[in-house]
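I need the structure of the sequence given here:
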Amino acid sequence: MAPGPELRDGDMLLICSDGLHDLVNVDHQERAEAASQNVEQAVKMLIQAALDAGGHDNVSVVAVRLDEVEEDLG
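Here you go, the predicted structure:
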């Protein structure tokens, strides 16, 4: 399995249902993350964007912003 992208301090990890994924593109997700002051605000912005786009399904979002990323010393 190929390694994924490297995580850095300040990165936000987003897990979401198709209610968000199908209606809000990645560029919009990244803009919401950049414009938000905190994770809670980013999640609220993304849910509202999905609802504004005609959200017809459940919109579930879990987000975590990394404060410290330790290097793998092994």
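
So V62 lies in a strand, does it not?
Yes: checked against DSSP: H, G, I helix; E, B strand; the rest coil, V62 lies within a strand.

Could you measure from it over to G54?
22 Å (CB to CB, to the nearest Å). Any C-beta I mention is one placed from the backbone N, CA and C, and that applies to glycine too.

Of these two, give the one with the bigger neighbour count.
Neighbours were counted for V62 and for G54 using other CB atoms under 10 Å; V62 has more, 11 against 8.

residues contacting the residue at minimal distance from the centre of the chain?
With distances taken as CA atoms, centre = their mean, L14 lies nearest the centre of the chain, 3.3 Å away. L14 is in contact with 29, 33, 46, 61-63, counting by CB atoms under 8 Å, 6 or more residues apart in numbering.

could those residues go into a markdown table alongside pLDDT and distance to D18?
Formatted as a markdown table, the contacts of L14 follow (pLDDT from 0 to 100; distance: CB to CB, whole Å):
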| residue | pLDDT | distance to D18 |
| --- | --- | --- |
| Q29 | 87 | 14 |
| E33 | 85 | 19 |
| L46 | 92 | 13 |
| V61 | 91 | 12 |
| V62 | 92 | 14 |
| A63 | 91 | 16 |
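
could you give the mean pLDDT of the helix or strand hosting the residue nearest to the centre of the chain?
Using DSSP states H and E, L14 sits in strand 12-16. Per-residue pLDDT values over strand 12-16 give a mean of 90.

follow-up on the earlier one: hmm, which of the contacts of L14 are the buried ones?
29, 33, 46, 61, 63 (16 or more other CB atoms under 10 Å).

Farthest pair within the residues you listed?
E33 and V61 (11.5 Å; CB to CB).

Show the contacting residues for S60.
If you count contacts by CB under 8 Å, 6+ apart, S60 has them with 16-17, 19-20.

which of the residues you listed are buried?
16, 19-20.

Dump those residues to TSV, plus distance to G10.
TSV is the format used below for the buried ones among the contacts of S60 (distance: CB to CB, whole Å):
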residue	distance to G10
C16	20
G19	26
L20	21
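
for this protein, what spans make up the helices?
Using DSSP state H, the helices of the chain run over 18-21, 26-35, 39-52.

All good on my end, thank you.
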